[in-house]
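Visitor: Attaching a predicted model along with its sequence, questions to come.
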Amino acid sequence: MNPATAERYKKYVIGNYNRYPVCLVRGEGSRVWDDQGRCYLDFFPGWGCGLLGHCPPRVVAAVQEQVAKLIHVPNTWHTEPQGLLAEELCTRASFPAQAFFCNSGTEANEAAIKLARLYGKPQGRYKIITMHNSFHGRTFASLSATAQPKYHAGCEPLLPGFLYVPFGDLDEVAKRIDNETAAILVEPIQGEGGINLPPPGYLEGLRELCDKHKLLLIFDEVQTGMGRTGTWYAHQHWKIPPDIVTLAKALAGGVAMGGLLARPEVAEKLRPGTHAATFGGNPLSCAAALATIHTIEQENLLQRAVAIGERFRQRFEAFQSRCPLLQEVRVRGCMIGLQLSVDGAAVVRHCMERGLLINVTHQTVLRLLPALNLSDAELEEGCGLLEEVLLSLDLRA
Ligand SMILES: Cc1ncc(COP(=O)(O)O)c(C=O)c1O
């Protein structure tokens with residue numbers, strides 16, 4: 001990369017990220033280019049935000065049009081894009097809903113946690129049950145909800161009132177509920193925790209427990225929402241309606257945005273003065289989100305997500321017999337986890353050297369969140385590269 005860029009980062013940018021020595025300058029669909037003109041095939045565009053790949057044309061056009069009209073006004077006013085977006089999101093939900101907008105996933109979960117407390121307060125309910133290996137964000141309430149000690153280290157004391165139980169274990173949830181419990185917060189499919197699919201009956205069982213004990217069921221769909229898994233919201237696969245669902249990442253096709261949908265009787269607890277976000281629901285991000293939804297619809301990308309997932313599954317399940325390192329293939333639409341028996345960091349590095357961008361999470365799980373408009377040719381090319389890298393490492397192991 002250009003040494004001047006590296007120098008500037010070293011001198012002026014806080015070093016809280018491990019960055020590759022690559023400077024990306026341009027993207028188009030599932031391809032991205034660095035400042036040396038090198039092209040990469042991206043199976044992890046925007047850390048899950050690039051649902052439509054890089055610079056999707058409808059989103060670019062909508063942003064260009066909106067940016068020249070009205071960028072930001074405070075939420076003391078109405079704007080057309082915010083109202084339209086709320087309608088598009090709520091009418092796609094499988095429960096009666098109203099929307100609140102913010103700017104990121106952690107902010108969406110902060111809002112959901114506050115809402116659960118505001119809702120439970122009259123009955124003295126404030127505790128929230130969350131799952132081991134969950135990931136809900138980095139701000140304090142979301143961090144406290146995230147049941148992974150490695151993210152807490154050094155930041156204690158955390159916000160009180162969170163109880164952690166193993167993902168998939170209904171009995172443990174049932175045991176921890178008491179008359180101070182307000183909500184259960186869960187990712188329908190754990191993302192950062194390793195693409196962990198819920199065991200059969202689990203989400204249904206959580207809904208039953210919530211109904212029985214009058215708790216709110218909150219689905220964190222920051223990673224799974226917006227069609228990523230082949231339905232608008234992942235929980236629709238199981239037909240389990242939540243009381244609150246949180247969204248971010250892909251919501252605005254790569255433009256920063258977060259939000260939540262809540263049942264009206266819950267949503268009404270967010271009265272003026274209880275919660276706000278200055279930039280939340282600004283016309284620019286709403287225009288980008290509307291263009292994202294319209295693209296998914298017009299290009300039939302929910303079906304495409306399912307087809308892409310099935311092709312990945314077939315390919316890697318067939319490959320498993322040739323690659324002892326690959327232990328399990330976990331797929332739901334364009335959310336793909338390849339469980340390895342070894343640390344995956346070297347695989348990611350070797351793939352990058354070969355021009356393929358992927359991610360590793362939870363040390364041993366290769367995570368692919370490809371764009372819903374990935375072409376068949378791109379899919380086969382990237383899978384071929386990844387297989388070659390895995391086989392070369394397998395031989396060395
Ligand atoms: C399920 C889930 N929730 C919340 C977050 C936090 O989102 P953000 O980084 O936008 O704050 C993430 C980020 O990876 C996530 O995967």
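Guide: Received, thanks.
Visitor: For the stretch 151-300 of the chain, which residues are neighbours of the ligand?
Guide: Counting by C-beta under 6 Å from any ligand atom, the residues of the stretch 151-300 of the chain lying close to the ligand are 187, 191-192, 220, 222-223, 248. (C-beta placed from N, C-alpha, C; glycine too.)
Visitor: between the residues you listed, which is closest to residue 312?
Guide: Using C-beta to C-beta, residue 191 comes nearest to residue 312 of those, at 15.9 Å.
Visitor: how about the nearest residue to the closest one, chain neighbours excluded?
Guide: Leaving aside its sequence neighbours, residue 191 sits nearest to residue 223 (C-beta to C-beta, 6 or more residues apart in numbering; 3.7 Å).
Visitor: what does residue 226 give?
Guide: Spatial nearest neighbour of residue 226, excluding adjacent residues (C-beta to C-beta, 6+ apart): residue 250 at 4.3 Å.
Visitor: The one you found and residue 229 touch, don't they?
Guide: No. Using C-beta atoms under 8 Å, residue 250 is not in contact with residue 229; the gap is 11.1 Å.
Visitor: Between the two ends of stretch 119-133, how far is it?
Guide: The first residue of stretch 119-133 is 26 Å away from its last residue (C-alpha to C-alpha, to the nearest Å).
Visitor: continuing past the host helix or strand of residue 106, what's the next helix or strand?
Guide: Secondary structure assignment for residue 106, by DSSP states H and E: helix 105-120. Of the helices and strands lying after helix 105-120 in sequence (DSSP H and E), the nearest is strand 127-131.
Visitor: do you know how far the residue of the stretch 1-150 of the chain found nearest the ligand is from residue 242?
Guide: Going by C-beta to the nearest ligand atom, the ligand is nearest to residue 105 of the stretch 1-150 of the chain, at 2.2 Å. For residue 105, the distance to residue 242 equals 16 Å [C-beta to C-beta, to the nearest Å].
Visitor: Need the residue closest to the centroid of this protein.
Guide: residue 223 (1.4 Å; C-alpha atoms, centre = their mean).
Visitor: Let me see the contact set for that one.
Guide: 48, 105, 187, 189, 191-192, 249, 335, 369 (C-beta atoms under 8 Å, 6 or more residues apart in numbering).
Visitor: most neighbours, which of the residues of the stretch 151-300 of the chain next to the ligand?
Guide: residue 220 (33 neighbours; other C-beta atoms under 10 Å).
Visitor: From residue 9, how far off is that one?
Guide: Separation of residue 220 from residue 9 (C-beta to C-beta) stands at 31 Å.
Visitor: and if you look at residue 251?
Guide: Using C-beta to C-beta, one gets 28 Å for the distance from residue 251 to residue 9.
Visitor: Which one's more surrounded, these two?
Guide: More crowded of residue 251 and residue 9, by other C-beta under 10 Å: residue 251, with 30 against 16.
Visitor: Is it correct that that one is in contact with residue 286?
Guide: No. Using C-beta under 8 Å, residue 251 is not in contact with residue 286, being 9.9 Å away.
Visitor: who touches both of those two?
Guide: residue 257.
Visitor: rewinding a little: have a look at residue 250 and residue 229 and say which one is more surrounded.
Guide: Neighbour count, other C-beta under 10 Å: between residue 250 and residue 229, residue 250 has more, with 30 against 27.
Visitor: For the stretch 1-150 of the chain, just list every one of the helices.
Guide: With DSSP state H, counting those that start in this stretch, the ranges of helices along the stretch 1-150 of the chain come out as 3-12, 57-67, 80-92, 105-120, 140-145, 149-152.
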